[in-house]
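Student: quick one, structure for this:
(chains A and B)
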Number of protein chains: 2
Amino acid sequence: MLYSKLFGKTSKSAPHDADSVNARFLAQGGFVDQVMAGVFTWLPLGLRVLRKVENIVREEMDALGAEEILMPALEPKENWEKSGRWQTVGILYKIKSRDGRELALGPTHEEIVTPLVGKFVKSYKDLPVALYQIQTKFRDEPRAKSGVLRGREFEMKDLYSFHADEADLEKYYPQVVKAYLKIFKRLGIKAEITSALGGSFSPTSDEFQLIAESGEDKLSYCANDKKYFNQELIGDKTVCPLCGGELKKEVRGIEIGNTFKLKYKFADAFNVQYTDKDGKRQKVVMGCYGIGVSRLVGAIVEASHDDRGIIWPKSVAPYLVHLVILGGRPSPTLTKAAPNSPPLGARTPSERGARGRGGVYKAAMKIYDDLTKSGVEVLCDDRDVSPGEKFGDADLIGAPLRLVVSEKTLAKKSVEWKERKSEAIKLVKISSLKKELAKYCKV
Amino acid sequence: MLYSKLFGKTSKSAPHDADSVNARFLAQGGFVDQVMAGVFTWLPLGLRVLRKVENIVREEMDALGAEEILMPALEPKENWEKSGRWQTVGILYKIKSRDGRELALGPTHEEIVTPLVGKFVKSYKDLPVALYQIQTKFRDEPRAKSGVLRGREFEMKDLYSFHADEADLEKYYPQVVKAYLKIFKRLGIKAEITSALGGSFSPTSDEFQLIAESGEDKLSYCANDKKYFNQELIGDKTVCPLCGGELKKEVRGIEIGNTFKLKYKFADAFNVQYTDKDGKRQKVVMGCYGIGVSRLVGAIVEASHDDRGIIWPKSVAPYLVHLVILGGRPSPTLTKAAPNSPPLGARTPSERGARGRGGVYKAAMKIYDDLTKSGVEVLCDDRDVSPGEKFGDADLIGAPLRLVVSEKTLAKKSVEWKERKSEAIKLVKISSLKKELAKYCKV
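Tutor: As a prediction, the model looks like this:
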């Protein structure tokens, strides 16, 4: 992609209401545009990241054998009355349609998936079933904040599993936990499994917390058990409920996933039963498992940035390579390139001068075309702005690898290679660039 | 995919309220589940079709140079007041949040995309811009009907283009029309460009109509000009407004796309201007272009079915191949396979008998694994039900190609090959199956 054509450019100033690193850098980098508090448009750059996170989540759900469906955001009031949550869930957006019918705008989908499974599951042979979706959720959030971390409209993956008995749920549950840890690892972040409140249907749940100062959850940590507890669960306890050892307080976390053993809560409400081997009717046992997909984009930024901008992991970077063309304005730095000029027999300085701006641009575009055709994702800064602005934007946008093409590097038939997460700079021959990139991608 | 594992099986009876072919077959085939009138869950089979339609639309939008974004469903009331549509758009779902703020649940996105473009477009150098999204829309529809053709929650692709002047819009508009015709062709349906009403901002628009009895739009046709007119535009006229010739009445169509030259309507409302080459402020000129993505799934079914079920075009079929294993219950037909038994030197009848059920199953699973590994999308009916039920379900689900593996076909080292759209049956050697499939995919 040519940066000059990309819709949604960087901005020099942070939004006035940016209360967190992700809010600031995602807006300044041109990843999202805030429509109102907690509601965003994903711009081309941000949508690329979101889709990559989605796909990693999808791949691991598929690997788990779960099947993807897509449930509606509009949910009938009757279903929420059956589950008893129409009045109790405060963040539920309620809609009255023209014909007087009341609807919920789904913040979660137990009320849809449970009766759905009830329609299709008849016998023990139809179990277990695991269904997931990656879908837009809505919460009438009193305090939308922290960029895409706590929004009113956001994207979630929700997985629901249905089992013939509790033993089967117990067997399945750790498989989901394992898949979750794999997802977070692929996203380049470390998730801590944290004991938390379980709601009305289960005494506890597991949360996956990314330890970060900007997190809104307060966690206690037992160094003995290497275990985190959400303080909502254990209150002001100072000793570990497991070993009695001292609890370290006030670690903060961003909840990026959670898993619940719902058991009979919704199966009872929607009377979902199956016929067992002996012809007897049995209740279906249920689990649910969430991952905040759009929240993860923000969480990754919180976990991986410096004061200049974002440092995307390769797996979800909008582009792998940020190619900077320094062909626009030959700067004094470039004129000083004499010590690096070609050996005798190569072009004379005046020939190099003639290559000048257009020459560097042409050579860079050839590299861009070549890499793009090979399937490398390249954002090419082809604008006619200063090197400083280009480098600043590259750091802000945060592609893992910055390549610079200038008269100086071309004189050595090379490009300048710099990883976003390091200060080291090296020259790489253009002829071996694809090989080097392939090696880099494997690391 | 093994059919035994697939969530969402076929149903022998049509839903009692199925008022159209797509409503009936998409429900009976296990593609969608109706949650309430006009609101559906997309089951695994249906979601595969929806994603394929999406991707064809996406590819053609990308080829047009449009950039993908994702706007929110929650839209601020103020934006709809600015455009003057808060009171006038009857199908607008309105939400009041807990803090008293009013929101619209987006049926369309001019109110979001126009101010967004206003933020980023400053100069003539930033134009033209073309942005699209594939997103969930909501309509408080008084008469949700015809399956996924007219829903309350549905998926649309909307494209918005922004130009420096009307001439640039006029140049761009036919490119979109061309892309639309290409999309519909890839989807295997014929769209007729139809002159229609344009709303308050433009005297006319173009609609893309699929001629079908189940369509809700009434069209008139001029055989002379080979041109369709939506009767909403021309009323009860009996002569063509272009040539004065006779208009044929009462052709019905399903509107699968539309294109509008919005011009200044929203640019004025949101005061979107740019600085031209001479430093003067100018109004941005706008176009918008919709395609009903989920509606297209229904439209394809309306256009391509017989009385037994759906006939999917290869481009969007949930699976290319429906592989039927006739290994469960050796039927009298199979016993009569003697004339086709292997030549001398091959297995004796008793050996073949020993291969029996498990043998056919094993051989079929080998074919299934082999094709799947080669990237062929196969739905394999591995259930222990009658051949009649399997054939009936294959016809209902409508994969383009049915392959049958039975003791009889295996005796000839072959599978039975039947295209859904034809009655012709042939045997294809297992050893040349992949080659034949590659050939079939290219047609």
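
Student: A:Pro107: what's its closest spatial neighbour, skipping adjacent residues?
Tutor: Take A:Pro107 and drop its neighbours on the chain: the residue closest to it by Cβ to Cβ, 6 or more residues apart in numbering or on different chains is A:Arg139, 4.9 Å away. The C-beta positions use only the backbone N, C-alpha and C, and glycine is treated the same way.

Student: what's the answer for A:Ser414, then?
Tutor: Nearest non-adjacent residue to A:Ser414, counting by Cβ to Cβ, 6+ apart: A:Leu427, 4.1 Å away.

Student: could you pull up the residues touching the one you found?
Tutor: A:409, A:412, A:414-417 (Cβ atoms under 8 Å, 6 or more residues apart in numbering or on different chains).

Student: what about A:Leu149, how many neighbours?
Tutor: Neighbour count of A:Leu149, defined by other Cβ atoms under 10 Å in any protein chain shown: 29.

Student: how about A:Ser432?
Tutor: 11.

Student: tell me the pLDDT at it?
Tutor: For A:Ser432, the model assigns a pLDDT of 97.

Student: SS state for it?
Tutor: Under DSSP: H, G, I helix; E, B strand; the rest coil, A:Ser432 falls in the helix class.

Student: give me the domain ranges for chain A.
Tutor: Using automatic domain parsing, the domain parsing of chain A gives A:21-309, A:319-442.

Student: hang on, A:Asp369 in a helix?
Tutor: Yes: checked against three-state DSSP, A:Asp369 lies within a helix.

Student: against B:Tyr264, how distant is it?
Tutor: Shown here: A:Asp369 relative to B:Tyr264, a distance of 38 Å by Cβ to Cβ, to the nearest Å.

Student: same question, A:Phe162
Tutor: For A:Phe162, the distance to B:Tyr264 - Cβ to Cβ - is 54 Å.

Student: element containing whichever residue of the stretch 201-350 of chain A sits closest to chain B?
Tutor: With Cβ to the nearest Cβ, the shortest gap between the stretch 201-350 of chain A and chain B falls at A:Ser294, namely 9.7 Å. Assigning secondary structure by DSSP states H and E places A:Ser294 in helix A:293-303.

Student: any idea what the residue nearest to A:Ser414 is bridged to?
Tutor: For A:Leu427, the beta-bridge partners are A:Glu416 (DSSP bridges).

Student: so what pLDDT did it get?
Tutor: pLDDT, read off for A:Leu427, is 98.

Student: with A:His16 instead?
Tutor: Value for A:His16, per-residue pLDDT: 88.

Student: ok but it is inside a helix, no?
Tutor: No: under three-state DSSP, A:His16 sits outside any helix and is assigned coil.

Student: quick check: the gap between it and A:Gln34.
Tutor: From A:His16 to A:Gln34 the distance is 11 Å (Cβ to Cβ).

Student: helix/strand/coil for A:Asn271?
Tutor: coil.

Student: that one: neighbour count?
Tutor: Applying other Cβ under 10 Å, we find 13 residues neighbouring A:Asn271.

Student: wait, isn't it in contact with A:Gly118?
Tutor: Yes: if you go by Cβ atoms under 8 Å, A:Asn271 and A:Gly118 touch, sitting 7.2 Å apart.

Student: distance of the closest residue to A:Trp417 other than its chain neighbours from A:Tyr132?
Tutor: With Cβ to Cβ, 6+ apart as the criterion, A:Trp417 has its nearest non-adjacent residue at 4.6 Å, and that residue is A:Val428. When distance is defined by Cβ to Cβ, A:Val428 is 42 Å away from A:Tyr132.

Student: hmm, back to that, could you identify the most distant pair in the contacts of A:Leu427?
Tutor: A:Lys412 and A:Trp417 (12.2 Å; Cβ to Cβ).

Student: which one of the two has more residues nearby?
Tutor: Counted by other Cβ under 10 Å, A:Lys412 and A:Trp417 do not tie: A:Trp417 has more neighbours, with 20 against 16.

Student: those residues of the stretch 151-300 of chain A touching chain B, which are they?
Tutor: Neighbours of chain B within the stretch 151-300 of chain A, by Cβ under 8 Å from any Cβ of the partner chain: A:152-153.

Student: I'd like the mean pLDDT over the helix or strand just after the helix holding A:Ser294, please.
Tutor: Next along the chain after helix A:293-303, taking DSSP H and E as the criterion, comes strand A:305-306. For strand A:305-306, mean pLDDT rounds to 97.

Student: right, and chain B sits closest to which residue of the stretch 51-200 of chain A?
Tutor: Counting by Cβ to the nearest Cβ, the stretch 51-200 of chain A gets nearest to chain B through A:Leu70 (4.1 Å).

Student: so what's that residue up against?
Tutor: A:133, A:135, B:41-42, B:47, B:50 are the contacts of A:Leu70 under Cβ under 8 Å, 6+ apart.

Student: residues contacting the residue nearest to it when sequence neighbours are not counted?
Tutor: Once flanking residues are discounted, A:Leu70 sits nearest to B:Trp42: 4.1 Å by Cβ to Cβ, 6+ apart. By Cβ under 8 Å, 6+ apart, B:Trp42 lies in contact with A:69-70, B:31-32, B:50.

Student: quick one: A:Arg383 is in a helix?
Tutor: No: the assignment for A:Arg383 (three-state DSSP) gives coil, which keeps it out of a helix.

Student: identify the bridge partners of A:Cys222.
Tutor: For A:Cys222, the beta-bridge partners are A:Lys227, A:Leu247 (DSSP bridges).

Student: thought it was touching A:Cys243?
Tutor: Yes: using Cβ under 8 Å, A:Cys222 is in contact with A:Cys243, at 6.5 Å.

Student: higher neighbour count, those two?
Tutor: A side-by-side neighbour count of A:Cys222 and A:Cys243, using other Cβ under 10 Å, places A:Cys222 first with 19 against 13.

Student: need the contact list for that one.
Tutor: Taking Cβ under 8 Å, 6+ apart, one finds A:228-229, A:240, A:242-243, A:245-248 in contact with A:Cys222.

Student: can you map out the strands along the stretch 151-300 of chain A?
Tutor: According to DSSP state E, counting those that start in this stretch, the stretch 151-300 of chain A carries its strands in the segments A:153-163, A:192-197, A:204-211, A:217-222, A:227-230, A:247-263, A:273-275, A:281-283, A:285-292.
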